[in-house]
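Q: what follows is a predicted protein model with its sequence.
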Amino acid sequence: MTTRRKFLTSGAAIGAATLAAPAVNAQAPIKWRLQTYAGAALGEHVIKPAIDSFNKIAQGQMEIELYYADQLVPTGELFRAMQKGTIDAVQSDDDSMASPTEVTVFGGYFPFASRYSLDVPVLFNQWGLGEIWAEEYAKVGVKHISAGAWDPCNFATKDPINSLEDLKGKRIFTFPTAGRFLTRFGVVPVTLPWEDIEVALQTGELDGIAWSGITEDYTVGWSKVTNHFLTNNISGAWCGSFFANMDRWNELPDHLQEMVRVCFDSSHYYRQHWYWGGEARLRVEGTELSLTTIPDAEWATVEAEARVFWDEIAAESPLKAKIVGILKAYNEAMEKAGRPYRYT
C-alpha cells in the first residue's frame, strides 16, 4: 500500500503537470501592434529582423505585428496612440513622435550631442540617460524599453553645398529640433509625411533633406532625386528608442519582457554595423551622389553655435539643464580621452 500510495501521489502530480501544459499552450497568443517611424524599405533593416526573430523565439506565446511609417497613425501621433493603447509599441525618436516629455528635444538629432554611433548607448547605459528617460516616460504611462543609435545627420541636396552661404533659403525636410537649430543658418525647415518626400524633391517643394546619412539616402531612393551629399554632419548619430504602453508592458510575464529587451537590443546592434559600414562604403563606392564638404574652419562656427543652442535649451528647465550637463561632461571626457574617441 505504501508503494501504491507513492505511485498514486507521484502519478497525480505528473498528471496535473501534463494537463496544465496544454492549457497554457492553448491560450491565444498575446498580440502587440508596433509601428515604426520608418518606411518599408528602411524598416527592412532597422526593425523587421528583430521582430521576425522575436516572433520565432516566442513560439506562439506572443506575436508582434509590425507596421511601417503612417500605416496606422501619422508619425506625429505615435505617442498619443501608444499612450491611449490604440497601438501597443513604437520605434521612433522622441522628437518625431511629438512626445510631451522634458526629454523630447534630445531625441532624434540634438545638434552635435554625439560624434559616433557608440556615443548613444554609452550615454544611456553608463552616463545616466537611460534612468532619466525611464522616469520621464513612466510619468505619462509609457515604458521606455531601450535607446540606440542610427545614422548621422547629413544634407542630401539637389544643388551642391560648399559653404554656409549655400544653405540659405534651402527648403529642407528634417527633424523638429534639428530644423529649429538650422534656421540659424538660413535653412527653411519643412514638415511632410515621410512617404511624400521623394515626390516633394522631384516637384521642387523641397531642395533637400537633413534626415539621415548616406545609407538611408540610397536605401529609400532619395539618392535618385538628389544630386549631392554634404560630408559635414550636425550629429554623429540619431538617437531613437523602443517604447510600449505601460499597461501592456506590465501584462507581459517576466520571460516575455526579457525576450522583448533582448530582441530589441539585437536591433540596436544590427544598426550599429549596418550604418557604420554603409556610410563608408557608399561614400567610396556610391555612384548617385557627389560628395561636397564645407571647410573645417567654417564648419567650426556651426559647432560653436550648437553650444549656444545647448545653453538655451538648458535654460528651459532644471531637467534639461541636467541632461545638457551630462552631454557636456561626456564630450569633455571623450576629448580628454583622445584618439580614437575624439579627433581634434
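A: Looks like it came in fine. Numbering: from 1, shown residues only.
Q: need the nearest residue in space to the most centrally placed residue in the chain, chain neighbours excluded.
A: Most central in the chain under CA atoms, centre = their mean is Gly240, positioned 2.2 Å from the mean C-alpha point. Leaving aside its chain neighbours, Gly240 sits nearest to Asp93 (4.3 Å; criterion: CB to CB, 6 or more residues apart in numbering). (Each C-beta comes from the backbone N, C-alpha and C, glycine too.)
Q: check this structure for its longest helix and report it.
A: Ordering each helix of the chain by length in residues (DSSP state H) puts helix 254-285 first.
Q: so which residues of the stretch 51-200 of the chain form strands?
A: 62-67, 89-92, 142-149, 154-157, 171-174, 188-190 (DSSP state E, counting those that start in this stretch).
Q: pull the residues that contact the longest one.
A: This points to strand 142-149. Residues outside strand 142-149 that contact it (CB atoms under 8 Å, 6 or more residues apart in numbering) are 79, 82-83, 89, 114, 117-121, 124, 129-130, 133-134, 136-138, 237-246, 249, 260-261, 264-265, 267-268, 271-272, 275.
Q: tell me the buried residues within those residues.
A: Listed as buried from the contacts of strand 142-149 are 79, 82-83, 89, 114, 117, 119-121, 124, 129-130, 133, 136-137, 237-246, 249, 260, 264-265, 267-268, 271-272, 275; burial here means 16 or more other CB atoms under 10 Å.
Q: ok so, going back, what are the bridge partners for the residue nearest to the centre of the chain, then?
A: Beta-bridge partners for Gly240, by DSSP bridges, are Gly148.
Q: okay, now the unreliable bits of the stretch 201-344 of the chain?
A: Residue ranges of the stretch 201-344 of the chain with pLDDT under 70: 344.
Q: all helices of it, in order?
A: Using DSSP state H, counting those that start in this stretch, the helices of the stretch 201-344 of the chain run over 214-220, 246-251, 254-285, 296-314, 318-337.
Q: closest to Trp32 out of the ones you listed?
A: Nearest of the helices of the stretch 201-344 of the chain to Trp32, taken as CB to CB: helix 246-251 at 6.8 Å.
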